[in-house]
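Q: sharing a sequence plus its predicted fold:
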Amino acid sequence: MMIVEKRNNNVTLQAPALTFAALLFMTLSWAPLACADSPEMEVQVENAEDCAVDSIDETTLSDRDCSETGADEDTTDLPANEASDEKDEGSVEEKEEQKNVAPASCETTEQTPAPLYVLDLLDAQRRALADNPSIAAGAERVEQVRQMVSQARSMYYPQIDLNYTYTFSWLPSNYTDSVNAYLDQSEDMLREWRKDQILYSTITRQPSLRNRRAIRSWYRSTQDLIEDARENIESPVENTTMNMTVGLLLFDGFAREFINAQARYGYGEAKAAYREGQRILLDAVAQAYYAAQFAREQIEIGKSDVAFYERLHKEALARREVGRGATSHVLSFETLLYAARASLLRSERDYDMARIVLAMLLGIPEGRLDDRFALAPLEEETPETMTLPDCDAMLSLAFAFRPDMEQSELGLKRASAAVKQQYAQYAPMVAAVGMLQTANVNDTGLTTDRIATTVGINASLNLFSGGRRRAGVIGAKHAKREAELRITETEQKIVSDVNQALTDLKIAQEALALQREASGCVEKNRDLVELEYNAGKAMLVSLSQAQRDFIQAQGMLAQARVNLQRTWQALHAATGTNLAVLNQEIAGELQPDTPKDAMPSVD
């Protein structure tokens, strides 16, 4: 977008679109950006142009005004005394205006360091996929489902369980009291017997010495036995139990196969849902990116509007200095200049807000794009981007690459496996069981002679469950029917999305072509009205209206250019090829009717 201004047969080119980096963190230099849009032209900086306007000498203005005297004596000439009075009255105002306006013309002369990164759309989308927290959360959900597949697969392996128990047991008092009373009676009887035995041995001198020693040994051992029994009754009992069980499921009506199928299909669904989230995020990033580019274009248009009114304001001041202009014209241009600056501030605010939204989608912790990033220039339309692709080809791409379509199909397969898994509950369950176990009392040692071994087959069949199995089968069938309807819904949604995207693209292409022609007509009209105003043949209100029409046309042209890129990205999102391009899934596989240049290149 170039703006041509004629002054004394000298043509000055302004390139507001070439100063986009000054608005994107005010960082890029002028020369590289000028080469980006028009490599064969040397474009002057607006500030340099503003300073050049100050150098307009009065002689040039006088010569140009004298050449126009035949047309503007009735409209612009003032009597000498009126001009002198008006000059005196406006001298104070003129000084104040020069103080307020002159510095503004040089406000943009300061330059900041160049940005480190020029962020194009593909880079922004890659950063979003890498750093957006919602995508990271989706990856964690996929990993959760993947572990469910491992859990389902474990049903094919034997299950080994090892249990070990070590306990202390205290006997109840109603049991120990009776045992202690019995032990007390046993001790009393043993003592009485001992006394009788000693008395008998003393009187009869019987039995022999060897027998008496044996009797004393038996007596002491019996006493020890009673004491040990008493201690065992009062002390806790130590129990040690260990068993190891090995089980292997031999047959369950193929329920394991269907459970594993459900887990696999669920994992595929999770991955498809993850890619669907990526597709939606890429579309949101594209829309936010082009919103920022449109806001930047609005800033450039606003700058050109400000520069236009600054030049007219200075020329009006110069005319008034030589007595060829009215103070009302100076004030009118100053008012229009303030309005243009206010509009520029609004555009800058919209640009900052668009960068904040884009930074949020990119997952930047600071919440905004700092001075390290600058947006790439807005793409120019090409014959390929102005060609409408074939609807059938786009639908074929959508059904092949849309993740939500794959997700719906996998959901139907999972529901079918669930129906078969419910039928498997009618089959018997057979399992092989092996067990090693031991139980010790007051002995914590583990020896092989105390281990018992058990091997067997466990078979079970549920004969009646109160209708639970039948209800499970009916519910699974309804879930399968729901999955079938979800597929139909997804197909209709894909067709609707593609048709809407194609309709929007068609309108955007036609609007851009129309706005190109309209913008050229409005620009020519503005230039003609300016020449007529300088010649005294047009009124000030006509010039201001022509400039407003020109700025409006430039804004509509920028919007049409951005809408073209937006609608192409919306079409890529509707067909699912935006994610496929980043993953290099369809390199060189686009349909012949699809403009290849319209799809962003991975390189």
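A: Here it is on my side, so go on.

Q: quick check: next helix or strand after the strand or helix carrying residue 125?
A: In this assignment (DSSP states H and E), residue 125 forms part of helix 121-131. Following helix 121-131 in sequence order, the next helix or strand is helix 133-153 (DSSP H and E).

Q: the next helix or strand along the chain from that next one pairs with which strands?
A: Following helix 133-153 in sequence order, the next helix or strand is strand 159-169 (DSSP H and E). When sheet partners are counted by DSSP bridges, strand 159-169 sits next to strand 237-251 (antiparallel).

Q: can you give me the buried ones in the partner strand?
A: Across strand 237-251, burial judged by 16 or more other Cβ atoms under 10 Å covers 239-240, 242-243, 249. For the C-beta atoms, the positions are set from N, CA and C on the backbone; glycine is no exception.

Q: which residues sit against it?
A: Here strand 237-251 makes contact (Cβ atoms under 8 Å, 6 or more residues apart in numbering) with 155, 158-171, 256, 427-444, 446, 458.

Q: ok, now which ones touch the most centrally placed residue in the chain?
A: With distances taken as Cα atoms, centre = their mean, the residue of the chain nearest its centroid is residue 132 (4.1 Å). Counting by Cβ under 8 Å, 6+ apart, residue 132 touches 281, 361-363.

Q: same question, residue 417
A: 258, 261-262, 265.

Q: hmm, 6 Å instead?
A: By Cβ atoms under 6 Å, 6 or more residues apart in numbering, residue 417 lies in contact with 258, 261-262.

Q: from the middle of its chain, how far away would the helix or strand hosting residue 198 be?
A: Taking DSSP H and E as the criterion, residue 198 maps to helix 173-204. Helix 173-204 has its C-alpha centroid displaced from the chain centroid by 90 Å (Cα atoms, centre = their mean, to the nearest Å).

Q: likewise for stretch 390-401?
A: Stretch 390-401 has its C-alpha centroid displaced from the chain centroid by 26 Å (Cα atoms, centre = their mean).

Q: and if you look at stretch 246-263?
A: 38 Å.

Q: picking up where we left off before, any of the contacts of strand 237-251 buried? List them.
A: Buried members of the contacts of strand 237-251, scored by 16+ other Cβ under 10 Å, are 256, 429-431, 438, 440.

Q: from these, pick the one nearest residue 559.
A: Closest approach between the buried ones among the contacts of strand 237-251 and residue 559, by Cβ to Cβ: residue 256, at 60.1 Å.

Q: circling back to that earlier point, let's have the buried ones among the contacts of strand 237-251 in JSON lines, adding pLDDT, secondary structure and distance to residue 272.
A: Listed next are the buried ones among the contacts of strand 237-251 as JSON lines, based on pLDDT from 0 to 100; DSSP: H, G, I helix; E, B strand; the rest coil; distance: Cβ to Cβ, whole Å:
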{"residue": "256", "pLDDT": "92", "secondary structure": "helix", "distance to residue 272": "25"}
{"residue": "429", "pLDDT": "92", "secondary structure": "strand", "distance to residue 272": "34"}
{"residue": "430", "pLDDT": "94", "secondary structure": "strand", "distance to residue 272": "37"}
{"residue": "431", "pLDDT": "94", "secondary structure": "strand", "distance to residue 272": "36"}
{"residue": "438", "pLDDT": "82", "secondary structure": "strand", "distance to residue 272": "53"}
{"residue": "440", "pLDDT": "72", "secondary structure": "strand", "distance to residue 272": "57"}
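
Q: and which of those is nearest residue 218?
A: After measuring the buried ones among the contacts of strand 237-251 against residue 218 - Cβ to Cβ - the closest member comes out as residue 440, at 30.6 Å.

Q: same question for the next helix or strand after the helix holding residue 198, mean pLDDT?
A: Helices and strands here follow DSSP H and E; after helix 173-204, the next one along the chain is helix 209-234. Mean per-residue pLDDT for helix 209-234: 80.

Q: the inter-axis angle of helix 209-234 versus helix 173-204?
A: On the basis of axes from the mean of the first three to the mean of the last three Cα atoms, to 10 degrees, helix 209-234 is oriented at 170 degrees to helix 173-204.
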